[in-house]
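A.B. asks: here is the input, now give the coordinates:
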Amino acid sequence: MADLTLTITEAVTLNGTSHGATNTQTITGVTDVLHRIVDVPTSGYIDLVNFASAASGVAIADGSAKHIRITNLDATNFVTLRVRETNVQEYFVKVEAKDSFILGNSVADANDAGSGAGGHLSLTNIDTIECIANTASCEIEIFIAS
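C.D. replies: From the prediction side, this is the model:
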């Protein structure tokens, strides 16, 4: 097992005054890392990562993801992520050029019926994260620690 050190820094100077923060987290118990660069087309969503009841060569075990980062490496174009927790429930995220999407685990809830009102969510394991490029194919970087 290993530890993952995650550091996020924001820094901006506005009207001569510096603002920002640095937050560091140590994630313990990491036993597997998936790190890939993927070319994402503009014609149809492609699977970036799948989650299943057990880990395999192509899937991360449900509940084992400790850190997920997907970074759009393109300098101009955005990509759209589709996070699916079943074949019915999903949500979409626009990731601009050079931007990242980060999750601390692989559990989510998505619905359009408002049943999550008042904090009563039906959190379940994400089944897949898919991606499509908008205007031109884009390279993205995937980093998952589990």
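
A.B. asks: nearest spatial neighbour of Ile70, skipping sequence neighbours?
C.D. replies: Once flanking residues are discounted, Ile70 sits nearest to Phe101: 4.7 Å by C-beta to C-beta, 6 or more residues apart in numbering. Just so you know, the C-beta spots here come from the backbone N, C-alpha and C atoms, and that holds for glycine as well.

A.B. asks: so where's the chain uncertain?
C.D. replies: Applying pLDDT under 70 to the chain picks out residues 87, 111-120.

A.B. asks: sorry, back to before: can you get me a residue count around the residue nearest to Ile70?
C.D. replies: Using other C-beta atoms under 10 Å, Phe101 has 18 neighbouring residues.

A.B. asks: any idea how far Ala145 is from it?
C.D. replies: Phe101 sits 15 Å away from Ala145 when distances are taken as C-beta to C-beta, to the nearest Å.

A.B. asks: residues in contact with Leu103?
C.D. replies: Leu103 makes contacts with Ala65, His67, Ile68, as judged by C-beta atoms under 8 Å, 6 or more residues apart in numbering.

A.B. asks: can I get the helix or strand hosting Asp3 in CSV, CA atoms only?
C.D. replies: Here Asp3 sits within strand 2-14, counting by DSSP states H and E. Written as CSV, here are the backbone C-alpha positions of strand 2-14 (Å, rounded to 0.1, in the frame of the first residue of the first chain):
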residue,chain,number,x,y,z
ALA,A,2,1.0,3.6,-0.6
ASP,A,3,0.0,7.1,0.2
LEU,A,4,-1.1,9.6,-2.4
THR,A,5,-0.3,13.3,-1.6
LEU,A,6,-2.8,15.6,-3.3
THR,A,7,-2.1,19.3,-3.3
ILE,A,8,-4.5,22.0,-4.8
THR,A,9,-3.3,25.6,-5.0
GLU,A,10,-5.2,28.7,-6.0
ALA,A,11,-3.4,31.9,-6.4
VAL,A,12,-4.6,35.2,-7.8
THR,A,13,-3.6,38.9,-7.4
LEU,A,14,-6.5,41.2,-7.6
